[in-house]
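Colleague: Provided below for reference: sequence and predicted model.
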Amino acid sequence: MADTEKSPLNSTGKEIRPFSEEEQRLVFDWSARIRRKHAVPENYPHMIDRARIHEYINWSESSDFIFVYDDFGILCKCSYGKITYDLSEPYGQLGDHSKQRVDAWKAGMRKKYHVPEAYEIVMNYGPDNDIDKWIAYCERVDAVSATDNVHEGIFWFSKDGRKIYNPTEYEYIYSLSSEYRASENNHDMSQVESDCIAHFLQVTAIVMSSSWFRYHSLYQANMNGDGLIRADMPNLEQTVFALLYMRQLIGSKGNDDLLNTACKNYIQHSANKYKADYVEKKRKNWNELLEQKPMRIDLAKIVSSAKMLLEAFQYGSFIIHSPDRVRSKEARDLFNALYQNEKIRVDAVWELNSIMKTLFGEAAQIALLIRNDFAVWIRDKKIPAPNVMWQQNMFQWNPPVEKKERTENQPPQFGVAYNFEMKEVIK
């Protein structure tokens, strides 16, 4: 189905509107044809340009390849069953001047990094065909990407021609210095700011290690033509756990807003412009994700944003606050419209879990980068150590053992009735 295929953002970075019913039928028919034509593996979703559906379909029908995403979500090409990672023939032809410039750049990279002739230098045009971004990125990481078209593998080469691990933008930013500076109004980090960052770091760590986040959800639609939707998703305890922490991250009517506040506190005190800019970019992306419409068409007709869907479950279902405290009739009506409708109930819960996993994943990337600098600042006594209880260990206690039946150096015994004098055991 078209809804399962991946779609890029448009050139402005904003999400494209959902398919109309007519477009969905058009894309479904085309998708079946193009997958047969190029023998696209079942687990490889293909690309579709939602901004220019008809133009993209016309282009793909006459092309010798189609853009797809591999198991790791990396954009590649499928040509009659053959997968390659050389994206040098993008959708939308480049001008002659750009082609000559790219060819010259590839020749220079081959010489600079001693790339064997058997490897094709990769030019990643991206969704907006911005070749300058890729050239600048390769310069920053001091490496070049190339693909072995024989074995269909993609590698990075360093100056001496040595194959290296893929230096992603995140790894490059993460490796930069952790310098600290006073904020623009000349004050050092306060205790409140330090506590806020620490709590943001622990919230993301707790959720990412939770059974809710690790739960392997399953979704089935119209299996064997029975017209039913089935799903296996996290239970009440797991989902409420995630919803409560999500409320802290996004806040409600100006309260909490933990992610934005922690990012702003970090940006104020980071002396590394690249890191600060990266965190700000990720923060903006987080907020844009909250405003995006659900992917499923039936849901998008009712819910205008991811944040609205979250609040419908948090408040409209009384997971947060009792009925007399939930004064937003809109949240209650929206939850009823979603959950009382059997046709979209499963989709609504599925979308809820998908949105939260995406948002928590974004938060974890931000937290990982901030944590590295934050630890250095605490170690070097640049900032006050946070006064925050680490919740992950809050409800763990030393186990009791039987004093009389336990000899010296004997490990604690568990699962036994404790009818003797008790002694606390230090782990």
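Modeller: Noted; the coordinates are in hand. Keep in mind the model is a prediction, meaning the values are calculated, not measured.

Colleague: Just the helices from the stretch 201-350 of the chain, written as ranges.
Modeller: 211-214, 236-250, 258-269, 273-291, 297-300, 306-314, 329-339, 345-379 (DSSP state H, counting those that start in this stretch).

Colleague: okay, now D160: neighbour count?
Modeller: 8 (other CB atoms under 10 Å). (Each C-beta comes from the backbone N, C-alpha and C, glycine too.)

Colleague: Settle this for me: it is touching V115, isn't it.
Modeller: No: contact criterion CB atoms under 8 Å: D160 and V115 do not qualify, at 11.3 Å.

Colleague: of the helices of the stretch 201-350 of the chain, which approaches R110 most closely?
Modeller: Distance to R110, taken as CB to CB, is lowest for helix 273-291 among the helices of the stretch 201-350 of the chain, at 27.9 Å.

Colleague: which residues sit against that closest one?
Modeller: 13-15, 173, 176, 250, 259-260, 263-264, 266-267, 270, 305-307, 355, 358-359, 362-363, 365-366, 369-370, 373 (CB atoms under 8 Å, 6 or more residues apart in numbering).

Colleague: Keeping just the C-alphas, turn that helix into PDB.
Modeller: Extracted C-alpha coordinates of helix 273-291, given in PDB (Å, rounded to 0.1, in the frame of the first residue of the first chain):
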ATOM      1  CA  LYS A 273      29.200  26.800  17.600                       C
ATOM      2  CA  TYR A 274      28.900  23.600  15.500                       C
ATOM      3  CA  LYS A 275      27.500  21.600  18.400                       C
ATOM      4  CA  ALA A 276      25.200  24.400  19.500                       C
ATOM      5  CA  ASP A 277      23.900  24.800  15.900                       C
ATOM      6  CA  TYR A 278      23.300  21.100  15.600                       C
ATOM      7  CA  VAL A 279      21.300  20.900  18.900                       C
ATOM      8  CA  GLU A 280      19.300  23.900  17.800                       C
ATOM      9  CA  LYS A 281      18.600  22.200  14.400                       C
ATOM     10  CA  LYS A 282      17.500  19.000  16.200                       C
ATOM     11  CA  ARG A 283      15.300  21.000  18.600                       C
ATOM     12  CA  LYS A 284      13.500  22.700  15.700                       C
ATOM     13  CA  ASN A 285      13.100  19.300  14.000                       C
ATOM     14  CA  TRP A 286      11.500  17.900  17.200                       C
ATOM     15  CA  ASN A 287       9.000  20.800  17.300                       C
ATOM     16  CA  GLU A 288       8.200  20.300  13.600                       C
ATOM     17  CA  LEU A 289       7.500  16.600  14.200                       C
ATOM     18  CA  LEU A 290       5.000  17.600  16.900                       C
ATOM     19  CA  GLU A 291       3.100  19.700  14.400                       C
END
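
Colleague: Quick check: mean pLDDT of that helix?
Modeller: Here helix 273-291 scores 91 as its mean pLDDT.

Colleague: and the angle for it with helix 258-269?
Modeller: Calculated by axes from the mean of the first three to the mean of the last three CA atoms, to 10 degrees, helix 273-291 forms an angle of 160 degrees with helix 258-269.

Colleague: I'd like the numbering to begin with 18 instead of 1 from here.
Modeller: Shifting the count to begin at 18 puts that one at helix 290-308.

Colleague: buried stuff in helix 290-308?
Modeller: Buried residues in helix 290-308, counting neighbours by 16 or more other CB atoms under 10 Å, are found at 292-293, 295-296, 299-300, 303, 306-307.
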